[in-house]
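Asks: one predicted model, sequence on top.
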Amino acid sequence: MPRLLAPLPSRSRRRRLLAILSNTFSTSTAPPHRAPPPLPQLSPLLPRTEDSYASVSAAAADIAVSFRDWFLVPRAAEPLSALDAIYEALAAEDAAALEALPLTEELVLSVIRHRPRRLPDGDALLLLRLKFFDWSGRRPRYRHTRAVYHAVFRLLSRARRASVVLDWLRLFSSTSPSTNQPRFHDTLVVGYAVAGDPQRGLSVLGRMRFRGIDLDAVSSRILLNSLVDASLHDYADSFARNLAASPVSTCIRIKSLCRRARLSDAVALLDTLPFAEASKGPAAGSIVTEFCRRGRFDEASQIVDKFSSCDVYGAWMHGLIEAGMLDTTLQFLSDKKEAEGYIPDGKRYDKLVYRLLSKNRLGEVYDLLVEMMEEGIAPGRSTMNAALCFFCKAGLVEVAMHLYRSRVELGINPNKDVYNNLIRALCRGGATEEACLVLEQSMADGYFPGRQTFAMFANVLCQEGKLDKVRELLDRALKQEAWPMDSILAKYLVALCKGGNVDEACTVPQIASSKNPAGLYRYESTYKSLIRALILIKRVDVLPKLILEMQDMGHIPTRSLYQSVVCALCEESRYGEVLELLENQLGRNELQPRLCYNYFISGAGHAKRADVAREVYSRMECAGIVPSVESNILLLMSYLRSKRIGDALNFFNCIHEKKAPGTKMYNIFISGLCEARKPEQAMVFWREARDKGLIPSISCYEQLVLLLSSVNDYDSVVKIIDDFRETGRPVSAFLCNVLLLHTLRGSDLLKAWTRSEDRSASIVASAEEIKGRGAGRILIGQLIELFASGIRNRSDLEVLEEGLEQFSFLSTFLLITCCYED
């Protein structure tokens, strides 16, 4: 067996085992619990201002210490803590350390029922308990009693190992009882009852009665309760009639009546019990619980008022909590505490705390935890877990982590809720490294994060670029197959594409193939990222299939995405696939036909494949669709990008014959000619546009000035500037920068400016008048004259700076450029 706990030194272990005799099983009473340490004030609970955040942060250490001391209370006062040494010896397979134990029924039952600090409930602990049961049963001068067998049967049944119990019972049934086992058949009946097979227990009882043997009172009640739990109420009623009346059997009969919704009969049977038995036992509690479950709270309240006791109050609180009536529960608890001093047990507190936590009512949770501390209620594992969840939700994750790191010492056994809340709180605080450590421990304890926690953690890791950890997390999650991972895989794919890990992104669909690959493509981002990733690695053969499948999933591709796909296909000279995709797309009726043609013309134009763009345009005309202005512009841009100026001129003239081009068409054509460095042709179409009364865009003017300046055609530059001034637009900083840069390079621009007009009449203009029609040209002239002298030394630069103070619209880049050019 693997070593589950670190073994103690042999001498120390023997001393602790002997302490069991003197302390645990002595007649002396255990020392009273010491009062829990005071809790620092936490006001407000959830701070919303910087000052309150700072105050809570400063008190975090005190809060952690206070709760740590409270959690240590049950460990300091627990008389059975010495039993941990027995489990340490069992885990270390040190049988010699157990030889000193004087085995009795009381000791064996105490060991079997004990929950050691350093072992969580689970198969490992069950295995050690069975090992002790087996070891003790083989010792001389000791024989297991019916109570010990009953305890082991219950352990196995609660651990859902009823099949093991049944196997044992079949093995026992094949043996003959000895004289030293007078209650052998009682054990068999109890075993079958606990294992959930009371009918077989009745069969054994029939054989017993045939031999003149009957069950004792305790075994009879266990069998009766098992019959009720198995909903064999007819058998239970028949069997109960042969039992002597007792408060325990009456309580079981009341439970049977409640399960059959015969509540009036259950109340009548309850009235037959003495008041002390009816109020302190589970009888009244069963009726109250059933009334609450059926929504009959008034009748339940009458039972509570009639049989007032802690057990009945507990059942009433349980019913109210299960019904979601938390405010009523809190009010009842407050009233009874004030009037009668009623304090619920820890389990009732835990149930109420967990339900309030699920509703995020953190103020009430805090009050209940403080109340438990003040009343000296020793916290159990459930209470500790609830406190950790509270701190995580209240924004005090540092307190939760302080207690979590001491979980072994404090006896905290974190459950799934604790791990989920810890991971979420750490992610919100940006402590992903610590969240990874918590996740590792969670999976080591057999807990995998919930869907919401896993998604949040994966998203944070993707945002921080820790994609290797995301992949490791996904691999483990896929092995669990607990829920669909489509959304997380989609975000992981997007993060890989953004991070440039295209090859890995292309393998993501294969990760989901074992589950539901179609689910991954429910997200539009999956298609977009995968398509762009495939374009980057030039795997264009699957692009048509993907973009069509994208529409099958209800996602309409954008113009940019379609343009990228068509462009990528054209760049790889897959013209046939482009035209085939066009036909398939038109046949689907997902996109408006003219819009679809425009997407393909635009994509071919960006790839500088004007012939493909022209083919698409021709097919549009053959289909009887009149090309729109946008269609004409896209084809014209395709010719210009492909440097096919002749085709562009012919197409422009063709359009001109059908319909006079508008301003946008001229802007595109002139800008394209400028990019192709065709100044003469650009000037011709600019004049044509101006003659028609059209006003080109500012960008068009800027490109004209830039091109004409680069070829030293300054006379034309001056004409462009004068025309620009006449349009009434403000002179842009870009135009001024170009003019002044060429002024510094030589005097040709100044001479052209001087020739353009008679400047005998001087006009003084301020910087605020830059937008004026009349002063605009004079202001530009002043700037050219200011820069014409150049910058030869520091004094020239100082004069220039003084002159430029009135021209605040000029960019800083201009001054840097001027100094660099000089």
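Replies: Nice, I can see it.

Asks: touching stretch 201-214 from outside, list them.
Replies: With contact meaning C-beta atoms under 8 Å, 6 or more residues apart in numbering, stretch 201-214 is reached by 173, 185, 188-193, 215, 223, 226, 235, 239. For every residue, glycine as well, the C-beta is placed using N, CA and C.

Asks: so which of the residues you listed sit within helices?
Replies: Among the contacts of stretch 201-214, DSSP state H puts 173, 185, 188-193, 223, 226, 235, 239 in helices.

Asks: any chance of JSON lines for those, columns neighbour count, pLDDT and distance to Leu579?
Replies: Putting the ones in helices among the contacts of stretch 201-214 into JSON lines (neighbours: other C-beta atoms under 10 Å; pLDDT from 0 to 100; distance: C-beta to C-beta, whole Å) gives the following:
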{"residue": "Ser173", "neighbour count": "15", "pLDDT": "58", "distance to Leu579": "82"}
{"residue": "His185", "neighbour count": "22", "pLDDT": "68", "distance to Leu579": "89"}
{"residue": "Leu188", "neighbour count": "25", "pLDDT": "75", "distance to Leu579": "83"}
{"residue": "Val189", "neighbour count": "25", "pLDDT": "76", "distance to Leu579": "84"}
{"residue": "Val190", "neighbour count": "28", "pLDDT": "73", "distance to Leu579": "83"}
{"residue": "Gly191", "neighbour count": "27", "pLDDT": "73", "distance to Leu579": "79"}
{"residue": "Tyr192", "neighbour count": "27", "pLDDT": "74", "distance to Leu579": "78"}
{"residue": "Ala193", "neighbour count": "29", "pLDDT": "74", "distance to Leu579": "79"}
{"residue": "Leu223", "neighbour count": "26", "pLDDT": "83", "distance to Leu579": "83"}
{"residue": "Ser226", "neighbour count": "24", "pLDDT": "82", "distance to Leu579": "77"}
{"residue": "Tyr235", "neighbour count": "17", "pLDDT": "84", "distance to Leu579": "80"}
{"residue": "Phe239", "neighbour count": "20", "pLDDT": "82", "distance to Leu579": "85"}
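
Asks: not counting its neighbours along the chain, what's nearest Leu330?
Replies: Ranked by C-beta to C-beta, 6 or more residues apart in numbering and with sequence neighbours excluded, the top spatial neighbour of Leu330 is Glu364, at 6.4 Å.

Asks: the helix or strand that neighbour falls within - contacts with which helices or strands?
Replies: Glu364 belongs to helix 362-374 when assigned by DSSP states H and E. Here helix 362-374 touches helix 346-358, helix 381-393, going by 3 or more C-beta pairs under 8 Å, 6 or more residues apart in numbering; DSSP states H and E.

Asks: what angle do that helix and helix 381-393 make?
Replies: Interaxial angle of helix 362-374 relative to helix 381-393 (axes from the mean of the first three to the mean of the last three C-alpha atoms, to 10 degrees): 140 degrees.

Asks: same question for helix 362-374, mean pLDDT?
Replies: The average pLDDT for helix 362-374 rounds to 86.

Asks: and that helix, how far out from the chain's middle?
Replies: The chain centroid and the centroid of helix 362-374 are separated by 28 Å, computed with C-alpha atoms, centre = their mean, to the nearest Å.

Asks: what's the closest of the contacts of stretch 201-214 to Gln592?
Replies: Closest approach to Gln592 among those (C-beta to C-beta): Ser226, at 72.3 Å.

Asks: list the contacts of the closest one.
Replies: Taking C-beta under 8 Å, 6+ apart, we find Ser226 in contact with 192-194, 196, 198, 201.

Asks: let's go with 7 Å and repeat that
Replies: Ser226 is in contact with 193, 198, 201, counting by C-beta atoms under 7 Å, 6 or more residues apart in numbering.

Asks: try Ile698
Replies: Neighbours of Ile698 in contact, by C-beta under 7 Å, 6+ apart: 729, 732.

Asks: what of the one 10 residues further on?
Replies: Shown in contact with Leu708 (C-beta under 7 Å, 6+ apart): 679, 716-717, 720.

Asks: go again with 8 Å.
Replies: Neighbour list for Leu708: 679, 683, 714, 716-717, 720 [criterion: C-beta under 8 Å, 6+ apart].

Asks: okay if I get those residues as JSON lines plus neighbour count, secondary structure and distance to Glu371?
Replies: Shown next, in JSON lines, are the contacts of Leu708 (neighbours: other C-beta atoms under 10 Å; DSSP: H, G, I helix; E, B strand; the rest coil; distance: C-beta to C-beta, whole Å):
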{"residue": "Pro679", "neighbour count": "17", "secondary structure": "helix", "distance to Glu371": "88"}
{"residue": "Met683", "neighbour count": "19", "secondary structure": "helix", "distance to Glu371": "89"}
{"residue": "Tyr714", "neighbour count": "22", "secondary structure": "helix", "distance to Glu371": "90"}
{"residue": "Ser716", "neighbour count": "20", "secondary structure": "helix", "distance to Glu371": "90"}
{"residue": "Val717", "neighbour count": "26", "secondary structure": "helix", "distance to Glu371": "86"}
{"residue": "Ile720", "neighbour count": "22", "secondary structure": "helix", "distance to Glu371": "84"}
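
Asks: which of those lies closest to Thr329?
Replies: Set against Thr329, the nearest of those by C-beta to C-beta is Ile720 (83.3 Å).

Asks: measure that closest one to Leu706 for me?
Replies: Distance of Ile720 to Leu706, given as C-beta to C-beta, to the nearest Å: 10 Å.

Asks: cool, Asp305 as well?
Replies: Relative to Leu706, and taking C-beta to C-beta, Asp305 is found at 94 Å.

Asks: who has more neighbours, those two?
Replies: Neighbour count, other C-beta atoms under 10 Å: between Asp305 and Leu706, Leu706 has more, with 16 against 10.

Asks: coming back round to it: residues contacting the residue nearest to Leu330?
Replies: Contacts for Glu364 (C-beta under 8 Å, 6+ apart) come out as 326, 330, 356.

Asks: top of those by neighbour count?
Replies: Ranked by neighbour count (other C-beta under 10 Å), the contacts of Glu364 have Leu356 at the top, with 23 neighbours.

Asks: and that one, how far from Leu215?
Replies: Applying C-beta to C-beta, the value for Leu356 to Leu215 is 45 Å.

Asks: please apply the same query to His233.
Replies: Distance from His233 to Leu215, by C-beta to C-beta: 20 Å.

Asks: compare the two and say which is more crowded by neighbours.
Replies: Comparing His233 with Leu215 by neighbour count (other C-beta under 10 Å), the higher total belongs to Leu215, at 23 against 17.

Asks: so the more buried one touches Val189, yeah?
Replies: Yes - contact criterion C-beta atoms under 8 Å: Leu215 and Val189 qualify, at 6.2 Å.

Asks: can you pull the contacts of Lys359?
Replies: Lys359 is in contact with Leu326, counting by C-beta under 8 Å, 6+ apart.

Asks: distance of it relative to Arg428?
Replies: Lys359 sits 20 Å away from Arg428, going by C-beta to C-beta.

Asks: just to revisit the earlier point, so can I have CSV of the contacts of stretch 201-214 showing distance to Pro282?
Replies: Written out in CSV, the entries for the contacts of stretch 201-214 read as follows (distance: C-beta to C-beta, whole Å):
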residue, distance to Pro282
Ser173, 32
His185, 28
Leu188, 27
Val189, 23
Val190, 20
Gly191, 24
Tyr192, 23
Ala193, 18
Leu215, 22
Leu223, 18
Ser226, 16
Tyr235, 21
Phe239, 19
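
Asks: looks like Thr432 contacts Ala458 (just checking).
Replies: No - shown here, Thr432 and Ala458 do not form a contact pair, counting by C-beta under 8 Å, at 10.8 Å.

Asks: between the two, point out the one with more neighbours.
Replies: Taking neighbours as other C-beta under 10 Å, Thr432 and Ala458 compare with Ala458 leading, 25 against 18.
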